[in-house]
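Participant: Sequence first, then the predicted structure, then my questions.
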Amino acid sequence: MMEQAATQRTPLIEINEAVCRMVGECYPENIQEFSAPVMESLRSMVPETGSFTVELELFYFNSSSAKFFFDFFEFFEEKAAAGLTVKINWNYRADDDTMLEAGEDFSEDAESCQFELVEVEVPNDVES
């Protein structure tokens with residue numbers, strides 16, 4: 001299992017044999033230092049068969065991170081095309097049109113994965 005606590009610039013990450021979960025903002029100073037261990041963990045933990053769920057709730061990501069997410073989704077597309085059932089839940093806050101649009105953009109490339117846009121309520125303790 002891979003667990004990485006959220007920082008000011010990177011999301012919480014949890015990866016095991018059934019689920020990959022990311023929550024937070026993603027704009028690391030060095031995208032390679034951030035993405036390499038994530039992709040390595042995915043390659044070693046994601047099974048070839050069965051099912052796998054991706055839970056994402058991002059509040060912000062920059063253009064370098066967008067490239068990482070393109071590669072991230074491509075990895076799951078390849079796994080799904082080879083027979084793994086992959087469900088991606090793109091959770092976005094009800095008041096966040098930017099993350100909704102980003103999810104819509106990423107979902108357009110999802111052919112083999114089940115990609116769902118999931119609206120979540122803004123927590124009461126968070127101001128827009």
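Facilitator: Nice, I can see it. Numbering: from 1, shown residues only.
Participant: Residue 88 should be in a helix, yeah?
Facilitator: No. Read with DSSP: H, G, I helix; E, B strand; the rest coil, residue 88 is strand and lies in no helix.
Participant: Is there a neighbour count for residue 65? I'd like the number.
Facilitator: 22 (other C-beta atoms under 10 Å). For the C-beta atoms, the positions are set from N, CA and C on the backbone; glycine is no exception.
Participant: Go over the secondary structure and confirm it is in a helix.
Facilitator: Yes. Checked against three-state DSSP, residue 65 lies within a helix.
Participant: so who does it touch?
Facilitator: 26-28, 31 (C-beta atoms under 8 Å, 6 or more residues apart in numbering).
Participant: Can you give me the neighbour number for the residue nearest to residue 10 when sequence neighbours are not counted?
Facilitator: Leaving aside its sequence neighbours, residue 10 sits nearest to residue 28 (C-beta to C-beta, 6 or more residues apart in numbering; 5.1 Å). The number of residues packed near residue 28 is 19, by other C-beta under 10 Å.
Participant: wait, isn't residue 28 in contact with residue 11?
Facilitator: No. If you go by C-beta atoms under 8 Å, residue 28 and residue 11 don't touch, sitting 9.6 Å apart.
Participant: Quick one: mean pLDDT for the strand ranked longest in the chain?
Facilitator: In the chain, with assignment by DSSP state E, the single longest strand is strand 51-61. On average, the pLDDT along strand 51-61 is 98.
Participant: One more: stretch 70-78?
Facilitator: 98.
Participant: can you pull out the helices in the chain?
Facilitator: All helices of the chain, identified by DSSP state H, fall at 31-45, 63-81, 97-108.
Participant: residues of the longest one that come out buried?
Facilitator: By neighbour count, and taking 16 or more other C-beta atoms under 10 Å as the criterion, the buried residues in helix 63-81 are 64-65, 68-69, 72-73, 75-77, 79-80.
Participant: export the residues you listed to TSV and tack on distance to residue 1?
Facilitator: As requested, the buried residues of helix 63-81 are exported to TSV (distance: C-beta to C-beta, whole Å):
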residue	distance to residue 1
64	26
65	23
68	21
69	22
72	18
73	22
75	18
76	18
77	24
79	18
80	22
